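Engineer: the following block contains a protein sequence and its predicted model.
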Amino acid sequence: MTNTSFSDASLSLEIRALHTRRKKLSVTQDSEIYSKKQPLLANASVSLPLIIQTAGVPIHVYTHSLESEALQQLITLAESGIAEEFVACMPDAHVGVGATIGTVFASRSHISPYAVGSDIGCGMCAVPIQGLTISNLKKKWKTEIQQSIKQRIPTGHDSRSKPYPKLGTLGSGNHFIEVLYDETEQIWVMLHSLAGKQMKKKCLPIKNELKYLSIESQEGQDYLLDMNWCLNYAKQNRSIMMTILCDIMKQVTGYSADKSRIVNIHHNYCQTEDVYIESKNTTETLYITRKGATSARKGQLGIIPGSMGEGSFIVEGLGDPKSFYSCSHGAGRLLSRTEAMKNISQEDFENAMSGITCDVNAALRDECPQAYKDLTIVMANQSSLTRVVHRLKPLVNVKGISARNIRTREKKSKKHREFFMTM
Ligand SMILES: Nc1nc2c(ncn2[C@@H]2O[C@H](COP(=O)(O)O)[C@@H](O)[C@H]2O)c(=O)[nH]1
Ligand SMILES: [Mn+2]
């Protein structure tokens, strides 16, 4: 039986209630209790990280609210025996497949493909455009840039090819390209692009199963080799797209990117890093896995995107060992895609995007700003992990969806409507 408990006496009753349920769960594995969504809710005044004791290593949680399923996944990892010292949960965390999105952990001996995630090497790239500001950006350029991006960078279905996605392609879903401006009115370009290779759906585990490989085993070595191949591929893909994007900016506006300030980072990966081990007062080299997390070593630059209406942050790491030198990789989803489609009206979506040059096709409503967590709260929750360098607000957004994707989605929702009308 597990010893999971919460160390901070001031945590709210809700947490204690969840704790009791979780204890019940581990004994009975009652699927009915399991499927109930009981969030972890702490008082916003409680300082972060919350430290949750488990039968394995503790969990450092950098948010005051978390879905029960995500907490369950973190506990499974913390009690698996493969994680050293603690497991860290980032402020944008939400339930993932096999492991929570927003998980960081260190291992001496094991790697978990499920904890790296299916989007191996998914990440962000951003660069400022030297001399281009809000004041000298002509209004008509925004549409010209948007159209040119769509013509030159394949998105959604058009990104696909076998066995790997084409280099220089964006991917689908919440992958995006943006033109933004910072607090000094400086213009930036940014992209969030697809992984080196998507793990096949049939290879993915059920939600709360966590499988892992010994690094010394043949499978572990094979996985590391393949994962590193995917990381290189994903980084190259971002570089190629960024070159095209900067070329578009130059062609349309006449201004060039300041390539010396480019930031190009993964947020789904595993690599060896030197880690301070507090219990031994030593530094060791361990395998750090970040699934939906940004490296935030002291002085290291990172990119934290929010949503298509909210924009993003350029941040600098503060090098906090309590999070394994990491911070969030975004705002994180608040509503599932289905919930967003159902609960957010087309009018509210369009209002949230007013003034931004972008598509507001109904097929994109599951990507609306309202579907994501409040980025201000996410940033406040990680003030000990990272410092804001630039606050970027969006001007142009191109999402990872092709005309063909839109037609397929429209057909599907028409069929869906017809089905319900005949009932
Ligand atoms: N600036 C923008 N941020 C966005 C957009 N769509 C999503 N997002 C944020 O990115 C992260 C990435 O999540 P991942 O797990 O898929 O890597 C997500 O949590 C959102 O906060 C956008 O169009 N523009
Ligand atoms: Mn990503």
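Structural biologist: Happy to help now that I have it. Just so we're clear, the structure is a prediction, and the values are computed from it rather than from any experiment. Ligands and ions are numbered 1, 2, ... in the order given.
Engineer: which residues touch whatever residue of the stretch 201-350 of the chain ends up closest to ligand 1?
Structural biologist: In the stretch 201-350 of the chain, the residue that lies nearest ligand 1 is G330 (2.6 Å; Cβ to the nearest ligand atom). Quick note: C-beta positions are derived from backbone N, CA and C, even for glycine. Neighbour list for G330: 92, 292, 304-306, 372, 378 [criterion: Cβ atoms under 8 Å, 6 or more residues apart in numbering].
Engineer: of the residues you listed, grab the buried ones for ChimeraX.
Structural biologist: A single ChimeraX command selects the buried members of those (16 or more other Cβ atoms under 10 Å):
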select :92,292,304,305,306,372,378
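Engineer: rebuild the contacts of G330 as CSV, extending it with pLDDT.
Structural biologist: CSV is the format used below for those (pLDDT from 0 to 100):
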residue, pLDDT
D92, 98
G292, 97
I304, 98
P305, 98
G306, 98
Y372, 96
V378, 98
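Engineer: give me the subset of the contacts of G330 touching ligand 1.
Structural biologist: Near ligand 1, taking Cβ under 6 Å from any ligand atom as the test, the members of those found are 92, 292, 305-306, 372.
Engineer: nearest to V189 among those?
Structural biologist: Within the ones next to ligand 1 among the contacts of G330, proximity to V189 (Cβ to Cβ) peaks at P305, which comes in at 13.0 Å.
Engineer: my guess is the closest one contacts W188, does it?
Structural biologist: No - assessed by Cβ atoms under 8 Å, P305 is found out of contact with W188, at 11.9 Å.
Engineer: burial measure for the residue nearest to A42 when sequence neighbours are not counted, as a count.
Structural biologist: Using Cβ to Cβ, 6 or more residues apart in numbering and skipping the chain neighbours, the partner closest in space to A42 is H64 (4.4 Å). Per other Cβ atoms under 10 Å, the neighbour tally for H64 reads 21.
Engineer: surely H64 touches L41?
Structural biologist: Yes - taking contacts as Cβ under 8 Å, H64 lies within contact range of L41: 6.9 Å.
Engineer: returning to that earlier point: the residue nearest to A42 and S328, how far apart?
Structural biologist: Distance, H64 to S328, using Cβ to Cβ, to the nearest Å: 14 Å.
Engineer: where in the stretch 151-300 of the chain is pLDDT low?
Structural biologist: 157-165, 196-209 (pLDDT under 70).
Engineer: contact residues of it facing ligand 1?
Structural biologist: Taking Cβ under 6 Å from any ligand atom as the measure of proximity, the stretch 151-300 of the chain contacts ligand 1 at 174, 176, 178, 192, 267, 292.
Engineer: in contact with the fifth one, which residues?
Structural biologist: Contact criterion Cβ under 8 Å, 6+ apart gives 122-124, 290, 292-294, 329 as the residues in contact with H267.
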